[in-house]
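Asks: predicted model and sequence below, questions to follow.
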Amino acid sequence: MKKFLLPLFVLVALHPAPAQKEVLRASWQPGKLYKQETAMEMAAAIPGSPAEQKTTMSQTIEIRVQAEPSTGNKLANFSITGVKADMEMMGQKMTYDSSDPAKSQPLLQQTFGGLLNKKFTMVFDKEDKYVETRGLEDLNANPLGQTTGMDGKQLSETIRKSFEMSLPKGPIAVGETWDIEETMDMQPISMLVKAKGKFDSVVEIDGRKHAKLLVDGTFSTPPGAASPLTLGEGSKFSGESLFDLERRVITSNKSTTDLKMQMQGQSIPMKQTVTTKTTVEDAK
């Protein structure tokens, strides 16, 4: 019997244990301030323009979290507190800085100034599952030339889906993948996102363990969408996120996007890189 059991014990010892699954869901901690700094670089080829139209933009979003004692929910109060932009359009250079908007051209004051100080509240339950968004009734769509940008609901949904899409909905182990499919209404364009995410590895950043998450996918125009801009074949993106396993927050995200937009029969290719860094501190 011993001769039989010994090889069995060796076999069990050598067999790899199942990979530990993690629930990678953002956790909103009451009393904390989450500050997101986003930098974007974009280049687009506009028909009739002799050169690429280039834009660099930075945006600061502050999220102050408080408890709601009557429900046990968490209130994440979002506010866009800073916007800067540099644009090269039709051979003209334009700048916008929310700290001194009067120096900017009226078009940029209208386009970017409307974003500043937009506020709304996302409600999460005690398990950090999304419940609802409050305060949308006062958020009107910004004018964008002859069209309009996102209204309050579209803006809040875009922000929420952007960080939720980077995370799997259920428990996941290193090496496993998950599927993503979302529709995003980002007027003046609507997008159907189809992608695959992967829990690539666990890495250490600044002394904290992070889940490294990779996403690759495509964009297309949702069936029946009435937006003036549509997306052609070959529109794609890739991204990398770092999720702090202790503080339960995405601390870093970088994505690259290649869009094949079409408008009134003309092609408008655009490339974009977006980097977001998030810090956590005690709210004052």
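Replies: Thanks, I have the structure now.

Asks: in the stretch 51-200 of the chain, which spans are helices?
Replies: Under the criterion DSSP state H, counting those that start in this stretch, the stretch 51-200 of the chain contains helices at 106-113, 152-164.

Asks: in the first one, which residues are buried?
Replies: Neighbour counts over helix 106-113 (16 or more other C-beta atoms under 10 Å) mark Leu108, Thr111, Phe112, Gly113 as buried. Any C-beta I mention is one placed from the backbone N, CA and C, and that applies to glycine too.

Asks: now render those residues as a markdown table, adding distance to Glu182 and pLDDT.
Replies: Shown next, in a markdown table, are those (distance: C-beta to C-beta, whole Å; pLDDT from 0 to 100):
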| residue | distance to Glu182 | pLDDT |
| --- | --- | --- |
| Leu108 | 30 | 82 |
| Thr111 | 25 | 78 |
| Phe112 | 26 | 80 |
| Gly113 | 29 | 78 |
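
Asks: nearest to Pro222 among the residues you listed?
Replies: Thr111 (24.8 Å; C-beta to C-beta).

Asks: residue ranges for the strands of the stretch 1-150 of the chain, please.
Replies: Here the stretch 1-150 of the chain has its strands, by DSSP state E, counting those that start in this stretch, at 32-44, 53-68, 73-89, 92-97, 119-124, 130-134, 143-144, 147-148.

Asks: so for Asp200, which of those sits nearest?
Replies: Minimum separation from Asp200 across the strands of the stretch 1-150 of the chain (C-beta to C-beta) falls at strand 32-44, 22.4 Å.

Asks: remind me what that closest one packs against, helices and strands.
Replies: Contact here means 3 or more C-beta pairs under 8 Å, 6 or more residues apart in numbering; DSSP states H and E; on that basis strand 32-44 packs against strand 53-68, strand 266-282.

Asks: can I get the ones you listed in CSV including mean pLDDT?
Replies: Output for the helices and strands packed on strand 32-44, formatted as CSV (pLDDT from 0 to 100):
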stretch, mean pLDDT
strand 53-68, 95
strand 266-282, 94
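
Asks: which one of the ones you listed lies nearest to Asp258?
Replies: With C-beta to C-beta as the criterion, Asp258 lies closest to strand 266-282 of these, at 5.6 Å.

Asks: quick one: strands adjacent to the closest one?
Replies: Applying DSSP bridges, strand 266-282 is found paired with strand 32-44 (antiparallel), strand 249-263 (antiparallel).

Asks: circling back: okay, the helices and strands packed on strand 32-44, which one's buried deepest?
Replies: The highest mean neighbour count among the helices and strands packed on strand 32-44, using mean count of other C-beta atoms under 10 Å, belongs to strand 53-68: a mean of 17.

Asks: relative to strand 249-263, how tilted is that one?
Replies: Angle of strand 53-68 versus strand 249-263, following axes from the mean of the first three to the mean of the last three C-alpha atoms, to 10 degrees, is 140 degrees.
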